[in-house]
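Undergrad: Here is the input, now give the coordinates:
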Amino acid sequence: MTDYQKPRRTKIIATLGPATDEVTVLRELIEAGVDVVRLNFSHGHADDQKKRAKMVREISEELGRHVGIMADLQGPKIRIARFKEDKVTLDEGATFIIDMALEPTAGDVNQVGCEYETLADDVSQGNRLLLDDGRIVLDVDSIDGSKIHCTVNVGGVLSNNKGINLQGGGLSASALTDKDKEDILTAAEIGVDFVAVSFPRNADDMKEARRLVEAAGSQAHLIAKIERAEALDVLEEIVDASDVVMVARGDLGVEIGDANLPPVQKNLIRLARDRNTAVITATQMMESMIENPIPTRAEVFDVANAVADGTDAVMLSAETSVGKYPIKTVEAMGRICEETERQPRSTLSRHRMGETFERIDQAIALSAMYVANHANIQAIAAFTETGSTPMRMSRISSGIPIFAMIPDEATCRRVTMYRGVIPIYMKLYQSSSMDMSRAAMEKLKQLNIVKRDDLVIITTGEMTGQHGGTNTMKIVQIE
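TA: So this is what the prediction gives:
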């Protein structure tokens with residue numbers, strides 16, 4: 001038997017795009033260790049996303065791997081319209097008008113249109129507008145009907161269709177646009193495992209998204225992308241209404257300021273873990289690798305800090321969708337995650353040491369992790385139908401791999417988001433507890449995960465087919 005190498009615990013999400021559309025590249029990307037792929041519905045057509053999803057399913061089946069698929073909705077991205085000459089240069093101190101009534105292609109150095117018709121109603125004198133991810137800063141002087149009169153605070157080149165943020169947040173745009181509602185239907189047709197909601201303001205936005213996803217016939221888990229300043233005031237409610245949350249550092253950083261991002265990221269990771277919700281850290285994690293084959297030292301530290309804080313997943317965007325080195329980027333990110341996970345801080349936990357558990361499955365899950373972290377346990381095998389037991393286990397910092405024994409392929413793909421959880425498809429729910437334990441041990445031996453005399457924790461439920469039915473934990477020695 002070859003020595004078993006413990007798998008990377010932190011999951012990697014890679015965005016698909018033109019750089020990954022060749023079958024050979026996508027296969028290499030998955031082989032490099034991608035756990036979840038992201039379909040960015042802000043770009044491309046529905047047919048493009050369907051084609052990419054089909055390729056992912058075929059390749060992952062060929063490779064014998066479970067790979068989740070995320071549909072990332074565009075949301076109410078508020079943008080300026082276009083310029084006659086495609087771009088202008090704004091000088092500091094100059095006046096500039098954003099006019100909702102201006103023709104979409106009539107922009108010039110004095111004014112530009114905007115596709116968000118109620119922007120003039122959402123801003124007031126003294127507000128600050130941030131364009132192109134904060135590269136251009138406009139101070140609002142006055143509002144006159146459809147026109148917002150501004151003074152350029154920070155100038156530079158401004159080109160077509162750049163985004164607009166209101167510093168401090170407060171734009172009233174709904175989180176779900178008509179385009180998003182159409183894209184939800186496409187996502188359901190594809191059979192995605194996750195749907196990411198952009199710019200949710202509160203829990204009601206997530207509840208509305210869930211209603212639409214379920215009405216479309218999908219069981220996809222919902223991801224709340226935290227990128228509005230006002231969402232920070234109701235974080236707990238949004239986390240509780242979601243299956244996963246994402247620290248979307250692009251627009252969020254523009255609205256709250258870059259200096260405020262690190263504490264917000266750390267707090268959101270901690271909050272999500274405390275409330276049994278998975279968490280993704282995203283945006284510019286390996287940005288330099290769009291053009292370069294190695295990351296900067298700052299990017300290495302950025303990924304490592306997120307892993308050390310306990311993020312479930314780290315996400316790549318343009319680095320893999322349009323970058324020159326998508327495979328090298330995933331491999332580099334994987335190495336950073338693995339090395340960080342070897343440090344004691346990543347394997348020790350005092351999570352919920354002083355709490356009383358209200359659910360039996362929660363007590364079993366966290367008891368299993370306590371034993372695993374304080375005994376010579378090689379692996380955990382958690383039989384589950386919904387994925388909730390391994391999800392709860394994954395909230396505990398540990399170096400012990402958690403193998404989720406699941407009788408459903410869709411659930412296998414959804415648990416790919418959870419830190420330290422590896423899905424194994426096993427349809428054994430008509431078997432006795434003893435038969436299930438034997439089958440789990442045989443499977444782990446076949447995969448060279450354990451050997452004779454190793455200790456393994458097995459958790460099962462006597463009431464099969466019941467959500468939250470895990471009520472048994474035992475330690476077995478491999479024969």
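Undergrad: Next one: Ile30 from Leu63, what distance?
TA: From Ile30 across to Leu63, the span is 6 Å (CB to CB, to the nearest Å). Every C-beta, even on glycine, is put in place using the N, C-alpha and C of the backbone.
Undergrad: neighbour count winner among the two?
TA: Neighbours per residue, other CB atoms under 10 Å: of Ile30 and Leu63, the larger number sits with Ile30, 22 against 12.
Undergrad: what residues are up against the more buried one?
TA: Val56, Ile59, Ser60, Leu63, Arg65, Val67 (CB atoms under 8 Å, 6 or more residues apart in numbering).
Undergrad: ok, of the residues you listed, which come out buried?
TA: Applying 16 or more other CB atoms under 10 Å to these, the neighbour count classes Val56, Ile59, Ser60, Arg65, Val67 as buried.
Undergrad: Can you tell me the closest non-neighbouring residue to the fourth one?
TA: Once flanking residues are discounted, Arg65 sits nearest to Ile30: 6.5 Å by CB to CB, 6 or more residues apart in numbering.
Undergrad: Now do the domain split for the chain, please.
TA: Domain ranges of the chain: 11-75+174-342, 87-166, 360-477, per automatic domain parsing.
Undergrad: ok now the second one, how far from the chain's centre?
TA: In terms of CA atoms, centre = their mean, to the nearest Å, the gap separating the centre of domain 87-166 from the centre of its chain is 31 Å.
Undergrad: ok, now the last one?
TA: Counting by CA atoms, centre = their mean, domain 360-477 is centred 24 Å from the centre of its parent chain.
Undergrad: Can you get me the start-to-end distance on that domain?
TA: In domain 360-477, first residue to last residue: 25 Å (CA to CA, to the nearest Å).
Undergrad: quick one: terminal-to-terminal distance for stretch 77-94?
TA: 26 Å.
Undergrad: Show me what counts as buried in that stretch.
TA: For stretch 77-94, the neighbour count (16+ other CB under 10 Å) marks Lys77, Ile78, Arg79, Ile80, Ala81, Arg82, Phe83, Val88, Leu90 as buried.
Undergrad: likewise stretch 44-55?
TA: For stretch 44-55, burial by neighbour count (16+ other CB under 10 Å) applies to Gly44, Asp48, Gln49, Arg52, Ala53, Met55.
Undergrad: burial count for the closest residue to the fourth one other than its chain neighbours?
TA: Computed as CB to CB, 6+ apart, the closest residue to Arg52 that is not its neighbour in sequence is Leu16, at 4.9 Å. Using other CB under 10 Å, Leu16 has 28 neighbouring residues.
Undergrad: hang on, the earlier thing: sitting in helices, which of the buried ones among the contacts of Ile30 do you find?
TA: Val56, Ile59, Ser60 (DSSP state H).
Undergrad: Look up phi and psi at the nearest residue to Gly334 once chain neighbours are set aside.
TA: Take Gly334 and drop its neighbours on the chain: the residue closest to it by CB to CB, 6+ apart is Gly33, 4.7 Å away. Backbone torsions of Gly33, given as degrees, to the nearest 10, read phi 120, psi 10.
Undergrad: And for the one 4 residues further on?
TA: When read as degrees, to the nearest 10, the backbone of Val37 gives phi -110, psi 150.
Undergrad: residue contacts, it?
TA: By CB under 8 Å, 6+ apart, the contact set of Val37 is Ile13, Ala14, Thr15, Leu16, Arg52, Val56, Val67, Gly68, Ile69, Met70.
Undergrad: Could you work out the most separated pair of the buried ones among the contacts of Ile30?
TA: Across the buried ones among the contacts of Ile30, the longest distance by CB to CB is 10.2 Å; it joins Val56 and Arg65.
Undergrad: returning to what we had before: want to throw the domains of the chain into CSV with mean pLDDT and distance to Gln5?
TA: Listed next are the domains of the chain as CSV, based on pLDDT from 0 to 100; distance: least, CB to CB, whole Å:
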stretch, mean pLDDT, distance to Gln5
domain 11-75+174-342, 97, 9
domain 87-166, 96, 40
domain 360-477, 87, 9
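Undergrad: circling back to that earlier point, that's a helix at the residue nearest to Arg65, yeah?
TA: Yes. Assigned with DSSP: H, G, I helix; E, B strand; the rest coil, Ile30 falls within a helix.
Undergrad: distance of it from Gly113?
TA: 43 Å.
Undergrad: hmm, back to that, and of the contacts of Val37, the nearest to Ile164?
TA: Using CB to CB, Thr15 comes nearest to Ile164 of those, at 23.3 Å.
Undergrad: Would you confirm that the closest one contacts Gly323?
TA: No. The criterion here is CB atoms under 8 Å, and Thr15 misses it with Gly323 at 9.7 Å.
Undergrad: Bridged to the residue sitting furthest away from the middle of the chain, which residues?
TA: Ranked by distance from the centre of the chain (CA atoms, centre = their mean), the top residue is Asp144, with 40.6 Å. Beta-bridge partners for Asp144, by DSSP bridges, are Lys147.
Undergrad: how much space is there between it and Gly75?
TA: To Gly75, Asp144 is 29 Å away according to CB to CB.
Undergrad: try Gly33
TA: 29 Å.
Undergrad: Likewise for Ala375?
TA: 46 Å.
Undergrad: coming back round to it: neighbour-wise, which of Gly33 and Gly75 wins?
TA: Comparing Gly33 with Gly75 by other CB under 10 Å, the one with more neighbours is Gly75, at 25 against 19.
Undergrad: residue contacts, the more buried one?
TA: With CB under 8 Å, 6+ apart, Gly75 has these contacts: Ala175, Leu176, Thr177, Asp180, Val197, Ser198, Phe199, Lys225.
Undergrad: okay, the residues you listed in a markdown table with distance to Val456 next?
TA: A markdown table is the format used below for the contacts of Gly75 (distance: CB to CB, whole Å):
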| residue | distance to Val456 |
| --- | --- |
| Ala175 | 44 |
| Leu176 | 45 |
| Thr177 | 49 |
| Asp180 | 44 |
| Val197 | 38 |
| Ser198 | 42 |
| Phe199 | 44 |
| Lys225 | 38 |
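Undergrad: Reformat those as CSV; add distance to Ala363, secondary structure and neighbour count.
TA: Listed next are the contacts of Gly75 as CSV, based on distance: CB to CB, whole Å; DSSP: H, G, I helix; E, B strand; the rest coil; neighbours: other CB atoms under 10 Å:
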residue, distance to Ala363, secondary structure, neighbour count
Ala175, 36, coil, 23
Leu176, 38, coil, 22
Thr177, 43, coil, 17
Asp180, 39, helix, 22
Val197, 32, strand, 26
Ser198, 37, coil, 25
Phe199, 37, coil, 28
Lys225, 32, strand, 27
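Undergrad: In those, find the pair that's most separated.
TA: Taking CB to CB as the measure, the contacts of Gly75 reach their widest spread between Thr177 and Lys225, a distance of 14.1 Å.
Undergrad: Remind me what the helix or strand hosting Lys207 packs against, helices and strands.
TA: Taking DSSP states H and E as the criterion, the element that holds Lys207 is helix 203-215. Applying 3 or more CB pairs under 8 Å, 6 or more residues apart in numbering; DSSP states H and E, one finds that helix 203-215 contacts helix 178-190, strand 194-197, strand 221-226, helix 235-240.
Undergrad: So which of the buried residues of stretch 44-55 sit within helices?
TA: Checking the buried residues of stretch 44-55 against DSSP H, those in helices are Asp48, Gln49, Arg52, Ala53, Met55.
Undergrad: could you check the distance from the first one over to Lys181?
TA: In this structure, Asp48 and Lys181 are 19 Å apart, going by CB to CB.
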